[in-house]
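J.: output the structure for:
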Amino acid sequence: MPRTITLIPEIRDTILDIGGHDVYKCYQCGKCMGVCPWYQVEEVDFLTYRIPQAVRLGTILSSEDKDETAAEVEEIFRCIGCEACVYQCPRGVDLPDVFRAIRRILVKYESIPQELKSVISKISSTGNSFGKPREKRADWAEDLDVLTFESSMEFLYFPCCVQAYDGRGKEVARATAKLFKRANVSFGILCDKVVCCCESIRLVGAEEVFKKNVQINVTALKEAGVKKVVTTSPHCYSIFRKKYVELYAELEVVHYTQLFKKLIEGKKFVPRTLLGKRVVYHDSCCLGIQNQIFDEPREVLKSIPELELVEIENFNREFSLCCAGGGGGLWLNRPIDERIANVRLKQVSDTGAEILAVACPYCLIMFEEGIRDMNLNIEVKDISELLLAAL
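T.: Residues are numbered from 1 along each chain as shown. Down below sits the predicted model:
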């Protein structure tokens with residue numbers, strides 16, 4: 001039996017009011033679908049260009065059939081916010097913002113995947129996606145003699161939740177802090193006074209949790225007299241640079257690969273240890289497409305003696321394939337045959353690289369999990385770990 005299409009203009013108008021107004025720019029050329037990372041996954045048909053039309057017509061979230069609604073919700077949470085579509089769109093349609101507006105409605109009515117409900121609850125109650133106590137946020141720095149930030153210091157170092165609480169992520173935070181100390185960078189941390197930056201949970205649609213945490217962080221930064229923040233996570237970098245500055249205009253935000261490059265140029269770091277490995281660098285979508293930081297990570301890697309840097313043909317820099325950890329993807333348990341990270345790892349494997357270098361904690365987690373799934377003989381290393389080993 002053909003589906004009866006119901007029009008609900010009230011939902012359409014709400015979506016438009018809370019950030020979905022770009023739907024009227026879309027003329028359904030389909031270019032977004034061609035560059036969407038899901039296009040590379042054979043098991044998934046994700047017709048992104050249909051969403052603006054559904055919003056314009058008022059047919060989005062209109063079905064009363066449970067199965068149809070469940071399938072639609074799954075599609076709405078398929079978007080990972082990489083912004084490849086935005087970069088390629090001839091009209092500049094911000095599809096991730098459209099999806100975020102739709103998700104805000106679903107969050108309000110708790111019609112979202114259970115994994116995301118749990119994460120939203122944890123961030124709301126504890127300030128981090130792991131649900132760990134805030135007073136444990138600086139435990140990664142034990143025995144490193146990292147000081148609490150004071151206004152006389154140049155940088156606040158802001159590790160994300162992954163680097164504060166996850167075992168593998170802590171290794172990256174520790175390597176980064178050791179490098180800062182070796183170069184005599186003036187920096188400190190704010191321990192339990194800060195919480196999750198909430199970049200990803202905002203894309204999930206939890207706008208109120210995002211606003212709450214932004215206020216906590218901005219208040220802590222202002223009270224401490226922070227003027228410069230250095231982050232390891234591109235997600236923290238991006239949201240600080242694009243949203244936090246709306247409340248704290250004096251704030252300068254730096255990604256650690258940018259700082260590392262300057263320290264190498266200033267001879268604060270002189271890598272001498274020979275690596276003797278073939279390395280491929282993965283462009284994080286948040287760092288690359290969204291913030292146009294492509295060269296700094298590569299320059300850091302090129303400074304390491306006998307490191308052979310190779311590229312993934314056709315899928316590097318602006319055309320890199322997202323790991324799918326953004327936009328809530330980090331917390332969704334997708335079937336193995338529906339994982340973009342595994343497609344990316346096949347591309348990595350084809351280069352013959354022994355090491356996959358990353359500059360994003362989400363990429364680190366997604367790729368290490370994929371390597372285990374695929375039983376690949378590839379090592380994933382954060383750029384900070386490779387640079388520290390070279391010194």
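
J.: so who does Met374 touch?
T.: Going by C-beta atoms under 8 Å, 6 or more residues apart in numbering, Met374 touches Asn342, Leu345, Lys346. Quick note: C-beta positions are derived from backbone N, CA and C, even for glycine.

J.: out of those, which end up buried?
T.: Among those, those classed as buried by 16 or more other C-beta atoms under 10 Å are Asn342, Leu345.

J.: what element comes up after the helix of greatest length in the chain heading to the C-terminus?
T.: Longest helix in the chain by number of residues (criterion: DSSP state H): helix 207-224. The helix or strand immediately downstream of helix 207-224 is strand 228-231, counting by DSSP states H and E.

J.: just give the strands next to that next one in its sheet, each with its orientation.
T.: Using DSSP bridges, the strands paired with strand 228-231 are strand 155-158 (parallel), strand 252-255 (parallel).

J.: list of residues touching that strand?
T.: Taking C-beta under 8 Å, 6+ apart as the rule, strand 228-231 contacts 154-160, 187, 221, 237, 240, 251-256, 259.

J.: repeat for stretch 103-112
T.: Stretch 103-112 is contacted from outside by 11, 14-15, 18-19, 61, 69, 73, 76-77, 117, 120, 203-207, using C-beta under 8 Å, 6+ apart.

J.: if we go to 10 Å?
T.: Stretch 103-112 has contacts (C-beta atoms under 10 Å, 6 or more residues apart in numbering) with 11, 14-15, 18-20, 60-61, 69-70, 72-73, 76-77, 79, 100, 113, 116-117, 119-120, 201-209, 327-328.

J.: of those, just the buried ones, PyMOL syntax please.
T.: A single PyMOL command selects the buried members of the contacts of stretch 103-112 (16+ other C-beta under 10 Å):
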select buried, resi 11+14+15+18+19+20+60+61+72+73+76+77+79+100+113+116+119+120+201+202+203+204+205+206+207+209+327+328
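
J.: re the thing from before, please work out which of the strands paired with strand 228-231 is packed deepest.
T.: Highest mean neighbour count of the strands paired with strand 228-231: strand 155-158, a mean of 23 (counted as mean count of other C-beta atoms under 10 Å).

J.: domain boundaries for the protein, per the record?
T.: Domains of the chain are assigned by automatic domain parsing as 9-112, 115-262, 269-390.

J.: comparing those domains by mean pLDDT, which bottoms out?
T.: In terms of mean pLDDT, the lowest-scoring of those is domain 9-112 (a mean of 92).

J.: start and end of it, how far apart?
T.: End-to-end distance of domain 9-112 (C-alpha to C-alpha, to the nearest Å): 22 Å.

J.: same question, stretch 344-355
T.: End-to-end for stretch 344-355, by C-alpha to C-alpha: 14 Å.

J.: pull out the buried residues from that stretch.
T.: In stretch 344-355, counting by 16+ other C-beta under 10 Å, buried: Arg344, Leu345, Gln347, Val348, Ser349, Thr351, Ala353, Ile355.

J.: so what does whichever helix or strand Ser200 is part of touch, helix or strand wise?
T.: If you go by DSSP H and E, Ser200 is part of helix 199-204. The helices and strands touching helix 199-204, judged by 3 or more C-beta pairs under 10 Å, 6 or more residues apart in numbering; DSSP states H and E, are helix 95-108, helix 114-126, helix 207-224, helix 234-242.

J.: could you dump the shortest one to CSV, C-alpha only?
T.: Coordinates of each C-alpha in helix 234-242 appear next as CSV, following Å, rounded to 0.1, in the frame of the first residue of the first chain:
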residue,chain,number,x,y,z
PRO,A,234,40.2,19.7,16.6
HIS,A,235,36.6,19.6,18.0
CYS,A,236,37.6,21.7,21.0
TYR,A,237,39.6,24.0,18.7
SER,A,238,36.7,24.4,16.3
ILE,A,239,34.0,25.2,18.8
PHE,A,240,36.2,27.5,20.8
ARG,A,241,37.1,29.4,17.7
LYS,A,242,33.7,29.6,16.2
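
J.: quick one, that helix and helix 207-224 angle?
T.: If you take axes from the mean of the first three to the mean of the last three C-alpha atoms, to 10 degrees, helix 234-242 sits at 70 degrees to helix 207-224.

J.: what's across from the closest residue to His282 other than its chain neighbours in the sheet?
T.: Closest residue to His282 apart from its sequence neighbours, by C-beta to C-beta, 6 or more residues apart in numbering: Val358 at 5.3 Å. Beta-bridge partners recorded for Val358 (DSSP bridges): Asp382.

J.: hmm, Ile378 and Val358 touching each other?
T.: No - counting by C-beta atoms under 10 Å, Val358 does not reach Ile378; the two are 11.6 Å apart.
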